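>>> sequence below, structure please.
(one chain, ligands or ions: 3)
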Amino acid sequence: MQPPHKPSRRKLLTATAVAGVAGAAGGLLWWRRKETARPAERAARAPAPLPPDPEFPNALRLPGAQGLHGVLDVAGALTIVAKSARHDILPGKPAAMLTYEVEHLGKTFLNPLLRMRTGAAFRATLWNALPDPTIIHWHGFRVDSNNDGHPHYAVPGGATYNYHFTLGNRAATYWYHPHPHHLSGKQIYLGLSGFFIVEDDEEVALQKALDFKLGITDLPLMIHDRTLTPDGELLYTPTSVERLDGLRGTRMLVNGTPRPYLDVDARPYRLRILNGSNARMYRLAFRQGERLLDFHVIGTDGGLLDRPYRVREAFLSPSERLDVLLDLRDANRGDAVTLVSLEFDRMDHQHEAGGHRAHTGMHAATHAAHHASVSDAAGEKTTVPEEGSALDIMRFRVRGPVAYQRDLAQTLSRPLSRLEPAAHPGSKPRVMTLDIKGNRWRINGLTYEAQKTPIVVKRGATEVWEIRNAQSSMPHPFHIHGFQFRALARSGSPEQQVRLAVTPEGLAATDLGWKDTVLSWPGETVRIAIDFTHPFPGDQVYMVHCHNLEHEDGGMMLNLKVQA
Ligand code: C2O
Ligand code: CU
Ligand code: CU
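Ligands and ions are numbered 1, 2, ... in the order given. You can find the predicted model right below:
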């Protein structure tokens, strides 16, 4: 005798034959009836699905065991192929995109989430299967120039480039992306980029203590904005105004998913948020109904902070990362929590610059024309939301309670990480001015020239840099290769930034810990301390640049030489 829930082969054949007569739907019903034979067990496994939400109809793409964004635990040498591929951003509308494809232990990954331990050796060959030159930069990594992915090392189509380095960085959420001069914005926009998560003992202990599992309760979220054509295609065709302001898109995507939702349990989640946008900044908050939820910032670009900081909002400029703890233990089944960007003053004051004024007439006109011309893949006319306008990014839908037996309060009351205090050297600060002349953004009055190294520092020196953004300017995310740094102070900050200060020096939670990118507002001065100690012999050439990718490609970028 067969147990009743396991149909014998003969019964199965009979059922299939019946289904054959009744049609495919009949067959499905037959299976469903069999499955519901054990309702108690099913209820224990998962609560009933929540009804669809027309505002957020698409399931968030999360890193799985392979495929797009799949988690790749690096073991041995990788071959990373930069190539064109078709991939549907809008369901059922495959778009031409660029991706990094990796075959690893019999699996195929696209833009894999690379995961490694601090101190491990990384070996990879980039194979450029694109028509244009490219090179991979490991954003935030402490490596020598040969491994940094400086534009100088870009290889032409068909060529390869070898990387080999030891991972000297702290545990944190890093990322990788292309860096060929004039083409970074285009290649990133069309799809090339991925997460690089570094772990160490401290990090693994935190994951254990709070029961965080990557891709399930520890969620990497890459946020960026893109415009899709009616056919669901991505196009990178910035206007002259967009080259000046940075390119913004009509839609917000999270991990490449438009209008995404994620069904969650009433428990704490860790969100590793990366602003992967070309130019758009976000003022992130979590909204439930009319209420904004408190959340904890537990880490930034270079890993965990000394302790969690409870906040209600945070600015995140392009390439910055924010490690967030969102506690949903008090939520009820059916609650919806929306990750939003709150309205803010975009502070685009560049038109006030004397030489720039003639440009503004055209500016407004082109903007209007551009807005009117964009129509959505669904056929509706849509516009590019202005920088600083309110946006809904994604929705968490609470399925209901779940057993969570960890002592969150206790873990949060203990230090998260041993974070050495920032150095405060007495030396005269080195000034970095950010401004515009004509239609070119500059650093210290200069734009990028491949053969020049206008910034020279001594290996082993600790310097204070003063990033001074001009009054007639716009916000710039200032980024340095090869070294992470500590923010010391903000001054001359706009009110919307001042309100977020958690230190007497005017720093926000997003400025704490180890940083590789720091946001600077018009009229503001940000002081940072950089320790140029590293283990690499000989002169090394890195760079500093604005991480607004259109600014970077336009030359708001300088070589930085570290002299042995
Ligand atoms: Cu993500 Cu040169 O930068
Ligand atoms: Cu970088
Ligand atoms: Cu900029």
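>>> point out where this structure drops to low pLDDT.
1-46, 351-381 (pLDDT under 70).
>>> for the most centrally placed residue in it, name its beta-bridge partners.
Among the residues of the chain, the one closest to the centroid is residue 274, at 2.2 Å (Cα atoms, centre = their mean). Legend: beta-bridge partners of residue 274 under DSSP bridges are residue 222, residue 321.
>>> got the contact list for it?
173, 175, 195, 220-223, 319-321 (Cβ atoms under 8 Å, 6 or more residues apart in numbering). For every residue, glycine as well, the C-beta is placed using N, CA and C.
>>> go again with 7 Å.
Applying Cβ atoms under 7 Å, 6 or more residues apart in numbering to residue 274 gives the contacts 173, 175, 195, 222-223, 321.
>>> who wins for neighbours among those residues?
Of all these, the highest neighbour tally under other Cβ atoms under 10 Å goes to residue 321, namely 29 neighbours.
>>> distance of that residue from residue 284?
Separation of residue 321 from residue 284 (Cβ to Cβ, to the nearest Å) stands at 12 Å.
>>> now for the two: what residues contact both?
Going by Cβ under 7 Å, 6+ apart, residues that sit against residue 321 and also against residue 284 are residue 273.
>>> ok so, going back, quickly name whichever of the contacts of residue 274 is closest to residue 549.
Distances from residue 549 to those, taken as Cβ to Cβ, are shortest for residue 175 (13.3 Å).
>>> and the residue nearest to residue 124 when sequence neighbours are not counted, what does it touch?
Nearest residue to residue 124 in three dimensions, chain neighbours excluded: residue 78, at 4.2 Å (Cβ to Cβ, 6 or more residues apart in numbering). The contact partners of residue 78, taken as Cβ under 7 Å, 6+ apart, are 102, 104, 124.
>>> take the residues you listed and keep only those in strands.
Among the contacts of residue 78, the ones falling in strands (DSSP state E) are 102, 104, 124.
>>> mind putting those into TSV with neighbour count?
TSV is the format used below for those (neighbours: other Cβ atoms under 10 Å):
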residue	neighbour count
102	22
104	18
124	21
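>>> what's the closest of those residues to residue 182?
residue 124 (24.1 Å).
>>> any figure for the gap between the closest one and residue 72?
Taking Cβ to Cβ, one finds residue 124 at 11 Å from residue 72.
>>> for the residue of the stretch 1-150 of the chain found nearest ligand 2, which non-adjacent residue is closest in space?
Nearest to ligand 2, among the residues of the stretch 1-150 of the chain, is residue 139, at 3.9 Å (Cβ to the ion). Spatial nearest neighbour of residue 139, excluding adjacent residues (Cβ to Cβ, 6+ apart): residue 175 at 5.0 Å.
>>> please name the residues that touch the one you found.
139, 193-196, 274 are the contacts of residue 175 under Cβ under 7 Å, 6+ apart.
>>> that one: which element?
Residue 175 belongs to strand 172-178 when assigned by DSSP states H and E.
>>> after that strand comes which helix or strand?
With DSSP H and E, the next secondary element past strand 172-178 is helix 184-189.
>>> so which bits of the helix or strand following that next one are buried?
Going down the chain from helix 184-189, the next helix or strand is strand 194-199, by DSSP H and E. Going by neighbour count (16 or more other Cβ atoms under 10 Å), the buried part of strand 194-199 is 194-199.
>>> next: stretch 521-541.
521-532, 534, 536, 540-541.
>>> closest to residue 98 among those residues?
Nearest to residue 98 among the buried residues of stretch 521-541, with distances taken as Cβ to Cβ, is residue 541, at 26.6 Å.
>>> any idea how far residue 180 is from the closest one?
16 Å.
>>> what does residue 92 give?
According to Cβ to Cβ, residue 92 and residue 180 sit 32 Å apart.
>>> who's more crowded, the two?
Neighbour totals were compared for residue 92 and residue 180, and residue 180 leads with 23 against 6 (other Cβ under 10 Å).
>>> so where do the helices sit in the stretch 101-250 of the chain?
Assigned by DSSP state H, counting those that start in this stretch, the helices in the stretch 101-250 of the chain fall at 145-148, 184-189, 201-210, 240-245.
>>> okay, those in CSV with mean neighbour count next?
Below are the helices of the stretch 101-250 of the chain laid out as CSV (neighbours: other Cβ under 10 Å):
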stretch, mean neighbour count
helix 145-148, 22
helix 184-189, 24
helix 201-210, 15
helix 240-245, 18
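>>> which one of the ones you listed lies nearest to ligand 3?
helix 240-245 (9.4 Å).
>>> around the residue in the stretch 1-150 of the chain that ligand 1 sits nearest to, how many other residues sit close by?
Nearest residue of the stretch 1-150 of the chain to ligand 1: residue 139, at 3.7 Å (Cβ to the nearest ligand atom). Around residue 139 there are 23 other residues, counting by other Cβ under 10 Å.
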